[in-house]
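# missing the sequence, but the structure's below:
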């Protein structure tokens, strides 16, 4: 008889958040919904969402001791061993919370890194994920030996965090240096590809995670980049050539999705992947037309672009997923708030043709601007040569 292989059961977790008087309630609600999606993407089942309202976080335990003891009771009754907290926790806080709840604690960074570890497909993505994980786990390594010795598995223990159980800080530093060297080689290879695309007009899709960037890339280029309805479905840059009527052949690239409260070191680790943002002649900022948090997501995109020193790039705002809009007034609201934006569905061929027309106009304006700059440059050079 053949053994039937069943998928492992989803890890059962309790999700916790802290709401303070200084927080925007709508943003807090968005964060918690986002955390639920992140947990599901990581392969976990959220049993209960617990919110504590306090003036501010506790230095030693982030949440109040009474609330943590309450969480412990719920975890015992639900036979659950993992608590996920929507915060960036210190090693000391994690250690203290674990003692109080008698279970495993995962913070926001560890959760995102776990998803990254699952979705990294290419060699470059794996190197970047491993580098980000080691940078995150390095301050916690003193505690990690006892913390991971239980071999509990599940969220937060996949990837290099598990592979480095019996190494010391010096070896981890050596590993980080080695990964940086490997990433440098990948960046050199990317530089060669960049030279090949030097004369092409380059567009880059940027935006919040799960807004349909890959779907839009497929619609524009006729490619088959992986598309899934989950956060961080792809971590790798996908670049495709496509033809725009009246313009000719151009290059379109997709990027890893952005996320609010994405730790800065994660952005740094994926800097080589996000290099296409710097190379772009025009950034296509993709938004989710059906999301009620699009304003906050737009602010996040601009914040990350500024971190990447790309805030002054020429942009075109695209609201995707128009087919998911339920309210008849929603499109009007978007048009009033973002008068220059294009509202479309990546699954509608007419919308894609209209988008290509807008792209042709934007590229024509870009070429005019480039031509003016070239004339000014040549005139300046001619003037300077007279005084040599």
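Ah, there it is. Note that the structure is predicted; figures quoted are calculated from it, not measured.
# Would you mind giving the domain segments of this structure?
11-112, 120-182, 198-375 (automatic domain parsing).
# Quick check: phi and psi on residue 244?
When read as degrees, to the nearest 10, the backbone of residue 244 gives phi -110, psi 120.
# give the contact list for it.
250, 356, 359-360, 363 (C-beta atoms under 8 Å, 6 or more residues apart in numbering). To be clear about C-beta, it is placed using only N, CA and C from the backbone, and glycine gets the same treatment.
# quick one: it from residue 177, how far?
44 Å (C-beta to C-beta, to the nearest Å).
# What of residue 76?
The value you get for residue 76 to residue 177, if C-beta to C-beta is used, is 44 Å.
# in the chain, what spans have low per-residue confidence?
1-8, 120-122, 137-172, 186-187, 189-199, 225-236, 263-273, 387-388 (pLDDT under 70).
# all helices of the stretch 51-200 of the chain, in order?
Taking DSSP state H, counting those that start in this stretch to define them, one finds helices in the stretch 51-200 of the chain at 65-77, 91-101, 108-119, 123-137, 141-148, 160-163, 169-196.
# just the stretch 201-350 of the chain next, same as before
213-221, 264-269, 275-279, 294-307, 330-337, 349-386.
# Looking at those helices, spot the one closest to residue 125.
helix 264-269 (10.4 Å; C-beta to C-beta).
# I'd like the domains of the chain as a markdown table, with distance to residue 384 appended.
Shown next, in a markdown table, are the domains of the chain (distance: least, C-beta to C-beta, whole Å):
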| stretch | distance to residue 384 |
| --- | --- |
| domain 11-112 | 51 |
| domain 120-182 | 41 |
| domain 198-375 | 15 |
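# Quick one: closest of the ones you listed to residue 382.
Across these, closest to residue 382 is domain 198-375 (C-beta to C-beta), at 10.6 Å.
# Dump the helices of the stretch 51-200 of the chain to JSON lines, plus distance to residue 349.
JSON lines is the format used below for the helices of the stretch 51-200 of the chain (distance: least, C-beta to C-beta, whole Å):
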{"stretch": "helix 65-77", "distance to residue 349": "50"}
{"stretch": "helix 91-101", "distance to residue 349": "50"}
{"stretch": "helix 108-119", "distance to residue 349": "29"}
{"stretch": "helix 123-137", "distance to residue 349": "32"}
{"stretch": "helix 141-148", "distance to residue 349": "51"}
{"stretch": "helix 160-163", "distance to residue 349": "44"}
{"stretch": "helix 169-196", "distance to residue 349": "30"}
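# so can I have a markdown table of the ones you listed showing distance to residue 36 and mean neighbour count?
Below are the helices of the stretch 51-200 of the chain laid out as a markdown table (distance: least, C-beta to C-beta, whole Å; neighbours: other C-beta atoms under 10 Å):
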| stretch | distance to residue 36 | mean neighbour count |
| --- | --- | --- |
| helix 65-77 | 17 | 15 |
| helix 91-101 | 20 | 19 |
| helix 108-119 | 11 | 23 |
| helix 123-137 | 22 | 22 |
| helix 141-148 | 25 | 16 |
| helix 160-163 | 23 | 18 |
| helix 169-196 | 32 | 13 |
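# closest to residue 307 out of these?
helix 123-137 (15.1 Å).
# Output the contacting helices and strands for that closest one.
Applying 3 or more C-beta pairs under 8 Å, 6 or more residues apart in numbering; DSSP states H and E, we find helix 123-137 packed against helix 108-119, helix 160-163, helix 169-196, helix 264-269.
# name the helices or strands packed onto the first one?
Under the contact criterion of 3+ C-beta pairs under 8 Å, 6+ apart, the helices and strands touching helix 108-119 comprise helix 25-41, helix 123-137, helix 264-269.
# try 6 Å
helix 123-137 (3 or more C-beta pairs under 6 Å, 6 or more residues apart in numbering; DSSP states H and E).
# for the helix it packs on, the distance to its chain's centre please.
From the chain centre to the centre of helix 123-137 is a distance of 14 Å (C-alpha atoms, centre = their mean, to the nearest Å).
# repeat for stretch 46-56
With C-alpha atoms, centre = their mean, you get 24 Å for stretch 46-56.
# try stretch 295-311
12 Å.
# list the buried ones in that stretch?
Under the neighbour-count criterion of 16 or more other C-beta atoms under 10 Å, stretch 295-311 has 296-298, 300-302, 304-305, 307-308, 310 buried.
# can you tell me which of these lies nearest to residue 290?
Once C-beta to C-beta is applied, the member of these that ends up nearest residue 290 is residue 297, at 11.8 Å.
# How about the contacts made by residue 203?
252, 282, 284 (C-beta atoms under 6 Å, 6 or more residues apart in numbering).
# Can you report how many residues lie near the second one?
Yep, that's residue 282 we're talking about. 19 (other C-beta atoms under 10 Å).
# quick one on the thing from earlier: let me know which of the domains of the chain is the nearest to residue 385.
domain 198-375 (15.7 Å).
# Let me know whether residue 103 touches residue 81 as I believe.
Yes - with contact defined as C-beta atoms under 6 Å, residue 103 counts as touching residue 81 (4.7 Å).
# Stretch 319-338: end-to-end distance?
Start-to-end span of stretch 319-338 (C-alpha to C-alpha, to the nearest Å) is 10 Å.
# in that stretch, what's buried?
By neighbour count on 16+ other C-beta under 10 Å, the buried set for stretch 319-338 is 319-322, 325, 330, 334, 338.
# now do stretch 43-54
Neighbour counts over stretch 43-54 (16+ other C-beta under 10 Å) mark 43-44, 46-47, 49-50, 52 as buried.
# Cool, thanks, signing off.
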